[in-house]
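J.: I'd like to go over a predicted model; first the sequence, then the structure.
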Amino acid sequence: MTALLAPERATLSRLHAPTLCTLPDAVAENVRRVRTATSARIMAVVKADGYGHGAVPVARAAVAAGAEWLGVTDVAEATALREAGLAVPILSWLNPAGVDAATAAEHDIDIAVGSAEELRQLVADAEDPVRVHLHLDTGMARGGSPLDEWPELFAAARAGRGRVEVVGVMGHLPRADEGDPEANAAAVLRMRQGRDAVLRAGLGPVLVHLAATSGALTDPATHFGMVRIGAGLVGIDPSERTVLTGASRWTAPVVHSALVPARTAVGYAGAYVTDRETHLVVVGVGYADGIPRELAPEAGVEIGGMRHPIVGRVSMDQIVVDTGEAGFPRGTIATVFGPEGGAVPSVQEWARWADSIPHTIVTGIGTRVQRSVA
C-alpha cells in the first residue's frame, strides 16, 4: 500500500513553479502599433534577452509582425538569433567585450563603431568584409564619436574599404523618454549634420537611425530611415504617452498560509504588524527572483481575482501577502504582474512602487523563475 501511495504523494507535493510567460501576440500587437506611427523601417531590439522576455521568441514575434531588422548588444547574442533561424539583418552596437570580426562576417552581423580607434581595430581584425554603422554622439556623451572627431572616423572608414563597408549611421535621443519634439530637436539636427557629413565624405548611401520607442511613437522628425524598438516590444513606452500591451505574465504559488491574530509581527524586524485577525500567505518569490526589496505600501499581487497588499520586508525567496478575510491554500496561484489590468498589477505599477522604471522590473527577473511562451 505504501509503495502505491508514494507516487501520489510526490505528485501532490509539487506546486506551480514561479513562471514568466512571454506573450508573442502582445509583441506582435506592439510592433503593429509602432507601424501605425511611422513609415520607417523597424528594428526590434532584443538585447538583455529580449528585455527579460526571451530574445528568440520576442524576435520571432516581432519579425513575423513586420520588423525588418534586429538589434542586440554583442555578436554572441546575434549569433544565437542566427542559429535560431532568424535571417533578417542584425546590428550589434554595444560590444562590451569587443568584436569577433570573423564571426560577424560569417553570420552577416552588422557592427556599430563609435570611434576611429574601434574602427581601425575592426579593420585590422577583419579578413572578410564587415558591414559597419558609424555611431555618432548626438548629445548623450555616452558613446559615439563626438563632432570634432568625425573627420578622423570618416578617414578611418575610407582607409578600411575592402574590410569594412559603411552602410549605416546612428545616434541616440538624449531625452527620448520625454516624448517631446522640442526636447530632442538638437539631437535631430546633429543627426542630419552627421548624415550629410558621411555623404560628403563619400561613404554613402547609408541607413540613418536615431529614435527608440518613444521617439518612434511621438515624433516623426526623429524617424529617418529606421526606428529602434526595444522596450516597446514588451509593452513599455518610456514617455508614457502611448498605451502598449504588456507582453508577459509572472505567476508564482502560495507556499504557506496561516490565520494570525491582531498584533502579529510579520517578517524580518517585524517591520509590519497586523492590526486585526487576518490571513497571511507566503508567495514563493523574493528579491533574488526580481521582486524589488524597497516597495511602496500599496504594492500588491493578484490572488483569487483580488489585489492584496504585500506586507513586511521582501525576503530573498519570499513575500508575505495579507489577504484579509479570504484564506488561500498552499498551491494557489498569485499573479505578480500581467497585461490583464484590474486586480492584476502592471509592470508600470511595479516600477512606481519601486521608484524605478519598468525596464528594471522586466530585466531583473532571476534565473530561478521558469520561462514559458504562450
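T.: Yep, it's here.
J.: pretty sure A80 is in a helix, no?
T.: Yes: the assignment for A80 is a helix, going by DSSP: H, G, I helix; E, B strand; the rest coil.
J.: excluding chain neighbours, what is closest to it?
T.: A55 (6.8 Å; Cβ to Cβ, 6 or more residues apart in numbering). Using the backbone N, CA and C atoms, a C-beta is placed for each residue, glycine as well.
J.: quick check: the one you found touching T73?
T.: No: using Cβ atoms under 8 Å, A55 makes no contact with T73, being 9.9 Å away.
J.: who has more neighbours out of those two?
T.: The neighbour comparison of A55 against T73 (other Cβ atoms under 10 Å) goes to A55, with 25 against 19.
J.: what values do phi and psi take at S315?
T.: Dihedral angles of S315 (phi, psi; degrees, to the nearest 10) stand at phi -90, psi 170.
J.: ok, L207 next?
T.: The phi/psi pair for L207 (degrees, to the nearest 10) is phi -90, psi 120.
J.: mind listing what's buried in stretch 340-356?
T.: For stretch 340-356, burial by neighbour count (16 or more other Cβ atoms under 10 Å) applies to 343-354.
J.: now do it: distance from first to last residue.
T.: 22 Å (Cα to Cα, to the nearest Å).
J.: again, but for stretch 134-147
T.: 12 Å.
J.: which residues are contacting it?
T.: 93-94, 112-116, 150, 153-154, 157, 166, 168-174, 186-187, 190-191, 193-194, 198, 203, 206, 210 (Cβ atoms under 8 Å, 6 or more residues apart in numbering).
J.: contacts only, for the residue nearest to A80.
T.: A55 neighbours (Cβ under 8 Å, 6+ apart): 46-47, 49, 72, 77, 80-81.
J.: in JSON lines: the residues you listed, plus secondary structure.
T.: Compiled in JSON lines, those are given as follows (three-state DSSP):
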{"residue": "V46", "secondary structure": "coil"}
{"residue": "K47", "secondary structure": "helix"}
{"residue": "D49", "secondary structure": "helix"}
{"residue": "V72", "secondary structure": "strand"}
{"residue": "E77", "secondary structure": "helix"}
{"residue": "A80", "secondary structure": "helix"}
{"residue": "L81", "secondary structure": "helix"}
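J.: save the residues you listed as CSV, and put in pLDDT and neighbour count too.
T.: Output for the contacts of A55, formatted as CSV (pLDDT from 0 to 100; neighbours: other Cβ atoms under 10 Å):
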residue, pLDDT, neighbour count
V46, 98, 33
K47, 97, 18
D49, 97, 18
V72, 98, 25
E77, 98, 21
A80, 98, 16
L81, 98, 22
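J.: pull out the buried residues from stretch 62-74.
T.: 62-63, 65, 67, 69-74.
J.: scratch that, stretch 30-49
T.: 30-31, 33-35, 37-38, 40-49.
J.: intersection of neighbour lists for A55 and T73?
T.: K47.
J.: which stretches in the stretch 101-250 of the chain count as helices?
T.: 101-106, 116-125, 150-159, 185-200, 213-218 (DSSP state H, counting those that start in this stretch).
J.: now the first one, how far from the centre of its chain.
T.: On the basis of Cα atoms, centre = their mean, to the nearest Å, helix 101-106 sits 26 Å off its chain's mean C-alpha point.
J.: what is that helix packed up against?
T.: helix 75-83, strand 109-113, helix 116-125, strand 130-135 (3 or more Cβ pairs under 8 Å, 6 or more residues apart in numbering; DSSP states H and E).
J.: thought E149 was touching S115?
T.: Yes: between E149 and S115 there is a contact under Cβ under 8 Å: 6.9 Å.
J.: more crowded one of the two?
T.: Using other Cβ under 10 Å, the more surrounded residue of E149 and S115 is S115, with 19 against 16.
J.: so in terms of bridging, what pairs with the residue nearest to that one when sequence neighbours are not counted?
T.: Spatial nearest neighbour of S115, excluding adjacent residues (Cβ to Cβ, 6+ apart): S145 at 5.6 Å. Beta bridges link S145 to L136, judged by DSSP bridges.
J.: next, count neighbours for S145.
T.: Neighbours of S145 (other Cβ under 10 Å): 23.
J.: same question, P329
T.: 9.
J.: Provide a list of residues in contact with it.
T.: Contacts of P329 (Cβ under 8 Å, 6+ apart): 254, 257.
J.: hang on, it in a helix?
T.: No: per three-state DSSP, P329 lies outside any helix segment and is coil.
J.: read off the pLDDT value for it.
T.: pLDDT, P329: 95.
J.: next one: phi and psi at it?
T.: phi -70, psi 160.
J.: now do the one 4 residues further on
T.: I333 has phi and psi values of phi -90, psi 130 when expressed as degrees, to the nearest 10.
J.: export the buried residues of stretch 340-356 to JSON lines and tack on secondary structure?
T.: Below are those laid out as JSON lines (three-state DSSP):
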{"residue": "A343", "secondary structure": "coil"}
{"residue": "V344", "secondary structure": "coil"}
{"residue": "P345", "secondary structure": "coil"}
{"residue": "S346", "secondary structure": "coil"}
{"residue": "V347", "secondary structure": "helix"}
{"residue": "Q348", "secondary structure": "helix"}
{"residue": "E349", "secondary structure": "helix"}
{"residue": "W350", "secondary structure": "helix"}
{"residue": "A351", "secondary structure": "helix"}
{"residue": "R352", "secondary structure": "helix"}
{"residue": "W353", "secondary structure": "helix"}
{"residue": "A354", "secondary structure": "coil"}
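J.: please consider this matter closed, and thank you.
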